[in-house]
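Asker: give the three-dimensional model of this entry:
(one chain, ligands or ions: 2)
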Amino acid sequence: MGSLTTPPKLLVVDFNNEELRPGTTTWESTCKEIRHAFENHGCFIALYDKISPQLQKSIFQDNSQQLFELPLDKKILNISEKPYHGYVGQISFLPNHEAFGIDYATTSQGIQTFSNLMWPQGNDSFCERSLMFSKIVAELDNKVVRMLFESYGIVKNCESYLESTTYLLRYLKYNTPKTKETSMVFPPHTDKTFTTILYQNHISGLEVQTRDLQWITLEFPPSSFVVMAGEALRGWSNDRVLTPIHKVIMDINGSETRYTMGLFTFLKDDKIIEVAEELIDEEHPLKFKPFVHLDLIKFFDTQRGRRSQNLVEDFCGV
Ligand SMILES: O=C(O)CCC(=O)C(=O)O
Ligand SMILES: [Fe+2]
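Answerer: Numbering: from 1, shown residues only. Ligands and ions are numbered 1, 2, ... in the order given. Reported below is the predicted structural model:
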């Protein structure tokens, strides 16, 4: 059904702007804009041209294609002790979707461990490009997190969050759906991350739900990323940040495969995620008890967690 009001436009932040340095007025005003975007929509678009055209091409054309062409007995070796960190595919109600997860993707060891499973004979170019991509996107992530903390006046413990962050690089693929019933290639969900950064090839499809339940179709300008809040960030923010519901829809008349790269951040087990006192006031009384990120994901992996409409509250609400 159509909506009577036009869907809002998402914030676009130009991270290529030289003026976007701590101490400048541009920095200060952009910090505020980012905070409002996280609070109002839970996401925004980042223009960031650090991925060269060659890297972009080889990530989508070489790396993604090589990975998804592997035989199933190799793909299923991509497992993890952590829920939702490994291979996803062959799911009857998601016939057009497949994904891999590479944990500790900003370290050569993390990438190598994954590559050794998929290509025991070695695949140096896959490793180099994946590592380069993850490091570039992690830099963007760190900047965004710093800006969000700063806009709330929380500067002192930001570094401890960044030091405790691990990065899961996911390669995602969506085939063209065959019928109208399967045009939703990924169902509505929220991310269980701290933050998620998405990068796609030229095939769009991501839609994000607003607070007033309208769907926005995301346009990715050239060299852009979508930065999105996960459930753990919502917990950290004392429920100020929105964790947006999003889904992927593809045109049944389309002919091209959609590839996405996602950098998903998580906090290590020794890091307690705790609402900072700066985020508690009369209007925002404390909503969540301190928690460990992996425990939140494990909770989601239970029947009660998967049914929850309000994950952080059901997991650690006060
Ligand atoms: O492919 C996309 O654009 C979205 C992927 C996504 O939402 C996810 O993997 O959590
Ligand atoms: Fe998602």
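
Asker: CA only for contacts and neighbour counts going forward, please
Answerer: Noted.

Asker: so who does residue 189 touch?
Answerer: 245-247 (CA atoms under 8 Å, 6 or more residues apart in numbering).

Asker: what subset of those is buried?
Answerer: For these, a burial check counting by 16 or more other CA atoms under 10 Å picks out 245-247.

Asker: quick one: those residues as a markdown table, columns for pLDDT, distance to ligand 1 and secondary structure too.
Answerer: What follows is the buried ones among the contacts of residue 189, written out as a markdown table (pLDDT from 0 to 100; distance: CA to the nearest ligand atom, whole Å; DSSP: H, G, I helix; E, B strand; the rest coil):
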| residue | pLDDT | distance to ligand 1 | secondary structure |
| --- | --- | --- | --- |
| 245 | 98 | 9 | coil |
| 246 | 98 | 6 | strand |
| 247 | 98 | 6 | strand |
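
Asker: mind giving me CSV with those residues and columns for distance to residue 68?
Answerer: Shown next, in CSV, are the buried ones among the contacts of residue 189 (distance: CA to CA, whole Å):
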residue, distance to residue 68
245, 27
246, 24
247, 21
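
Asker: find the nearest non-adjacent residue to the residue in the stretch 101-250 of the chain positioned nearest to ligand 1, please.
Answerer: For the stretch 101-250 of the chain and ligand 1, the shortest gap (CA to the nearest ligand atom) falls at residue 206, measuring 4.8 Å. Spatial nearest neighbour of residue 206, excluding adjacent residues (CA to CA, 6 or more residues apart in numbering): residue 248 at 4.5 Å.

Asker: count of neighbours near that neighbour?
Answerer: Neighbours of residue 248 under the rule other CA atoms under 10 Å: 17.

Asker: quickly find the element holding it.
Answerer: Using DSSP states H and E, residue 248 sits in strand 246-249.

Asker: name the helices or strands packed onto that strand?
Answerer: Helices and strands touching strand 246-249, by 3 or more CA pairs under 8 Å, 6 or more residues apart in numbering; DSSP states H and E, are strand 184-189, strand 206-209.

Asker: burial-wise, tell me which of the ones you listed comes out on top.
Answerer: strand 206-209 (a mean of 20; mean count of other CA atoms under 10 Å).
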